[in-house]
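1. Quick one, structure for this:
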Amino acid sequence: MFSLCECTGSSFVTGDTVKLDFLWPGPAPRGGQFFLVKPRRTGVFLGRPISAAGWKPRDPSEPDSEGTLSFLVVRRGRGSRDIMDLRPGEEAELTGPLGNCWAEMQDPADSSGDQSKAAVALVSGGVGIAPLLIYASELGKKPFDFYAGFRTGSYCLETIKPRSVIIATEDGSQGLKGRIPDFFTPIGYSAVFACGPEPMLKLVGDVCIASEIPCFISIEKNMACGVGACLGCTVKTTKGNRRCCKDGPIFKAEEVCFDH
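-> Sure, this is the predicted structure:
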């Protein structure tokens, strides 16, 4: 769906990361899906792919009705800078929700039985926390632990209600000092869902594969069309080249062929 949407809120969560809110007419995004975002006031031709970080319908009984859609945007180039510069009252073109979602990757058999024994782990690095925030709200009574890695400080963790939170910061300003793969083990989880920088995803995926724990990772690629037509966001997998926007952005960890 394409819509010209009004920005209703803008606030810094870190020095280079902004939370933006838009009035979105629906349909509701699922955790893991993304939008192409293009400010009406910009010099770039293509929208930038940004994961949905929050969704609050105006009428909770109708989740696909109009509501507030949130994004976390980190400064990386001119396109992201123009998005970050949006102010309340300005408009942006939003196209989405696009891609698959975390819920599609979950084994249907895991949704039955004793939910207290079906704990999952959500693992994020930096702004990779965004798509996992919505998924956390979709888990209902299913227990989950949240592992969050940051360069410094932390953000947005107050919006989730995990069984436990493990924070790691590279500068030691909060939680454990180091990177989240240094402190993560998949043992005891029924599945692992991860989003963040590729080196982090590879490390998390490798340890899950070695432990025979299902792991699903969200890959970030530069995109043009967002619907699989241009083949500009190719992901190398054991099943051949796949399109990040159409076949992903979420893939099974054991299927992704990393370049490093």
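2. Can you show me the helices along the stretch 151-260 of the chain?
-> 198-211, 244-247 (DSSP state H, counting those that start in this stretch).
3. Quickly compare the ones you listed and say which is most buried.
-> Among the helices of the stretch 151-260 of the chain, helix 244-247 has the highest mean neighbour count (mean count of other Cβ atoms under 10 Å), at a mean of 21. Quick note: C-beta positions are derived from backbone N, CA and C, even for glycine.
4. so what does it touch, helix or strand wise?
-> Helix 244-247 is packed against strand 234-237, with contacts defined by 3 or more Cβ pairs under 8 Å, 6 or more residues apart in numbering; DSSP states H and E.
5. Just the residues contacting the strand it packs on, thanks.
-> Strand 234-237 is contacted from outside by 219, 221, 241-244, 247-248, 251, 255-257, 259, using Cβ atoms under 8 Å, 6 or more residues apart in numbering.
6. give me that answer again for 7 Å
-> Here strand 234-237 makes contact (Cβ atoms under 7 Å, 6 or more residues apart in numbering) with 219, 221, 241, 242, 243, 244, 248, 251, 255, 256, 257.
7. Indicate which one of the helices of the stretch 151-260 of the chain is closest to residue 142.
-> helix 198-211 (18.2 Å; Cβ to Cβ).
8. just to revisit the earlier point, could you dump the helices of the stretch 151-260 of the chain into TSV with mean pLDDT and distance to residue 37 added?
-> Output for the helices of the stretch 151-260 of the chain, formatted as TSV (pLDDT from 0 to 100; distance: least, Cβ to Cβ, whole Å):
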stretch	mean pLDDT	distance to residue 37
helix 198-211	97	22
helix 244-247	94	14
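9. Out of those helices, the one nearest residue 87 is which?
-> Among those, the nearest to residue 87 by Cβ to Cβ is helix 244-247 (28.5 Å).
10. how many other residues sit next to residue 189?
-> By the criterion of other Cβ atoms under 10 Å, residue 189 has 22 neighbours.
11. what's near enough to touch it?
-> 119, 120, 121, 213.
12. from those, which is closest to residue 229?
-> The closest of the contacts of residue 189 to residue 229 turns out to be residue 120 (Cβ to Cβ; 33.5 Å).
13. That closest one contacts residue 194, correct?
-> No: taking contacts as Cβ atoms under 7 Å, residue 120 lies outside contact range of residue 194: 10.9 Å.
14. quick one: which of those two has more around it?
-> It is residue 194, of residue 120 and residue 194, that has more neighbours when counted by other Cβ under 10 Å, with 27 against 23.
15. Pull up the gap between that one and residue 53, please.
-> To residue 53, residue 194 is 16 Å away according to Cβ to Cβ, to the nearest Å.
16. cool, and residue 207?
-> The value you get for residue 207 to residue 53, if Cβ to Cβ is used, is 26 Å.
17. does the residue nearest to residue 56 when sequence neighbours are not counted belong to a helix or a strand, and which?
-> Spatial nearest neighbour of residue 56, chain neighbours left out: residue 68 (4.7 Å); criterion: Cβ to Cβ, 6 or more residues apart in numbering. Element membership of residue 68, judged by DSSP states H and E, is strand 67-74.
18. quick one: contacts of that strand?
-> Contact partners of strand 67-74, identified using Cβ under 7 Å, 6+ apart, comprise 8, 13, 16-24, 29, 37, 50, 52-58, 80, 83-84, 127, 130.
19. one more time with 8 Å
-> 5, 8-9, 13, 16-24, 26, 28-29, 35, 37, 50-59, 80, 83-84, 94, 126-127, 129-130, 156.
20. can you pull out the strands in the stretch 101-250 of the chain?
-> Counting by DSSP state E, counting those that start in this stretch, the stretch 101-250 of the chain has these strands, from start to end: 120-125, 144-150, 164-169, 176-177, 191-195, 215-218, 234-237, 240-243, 250-252.
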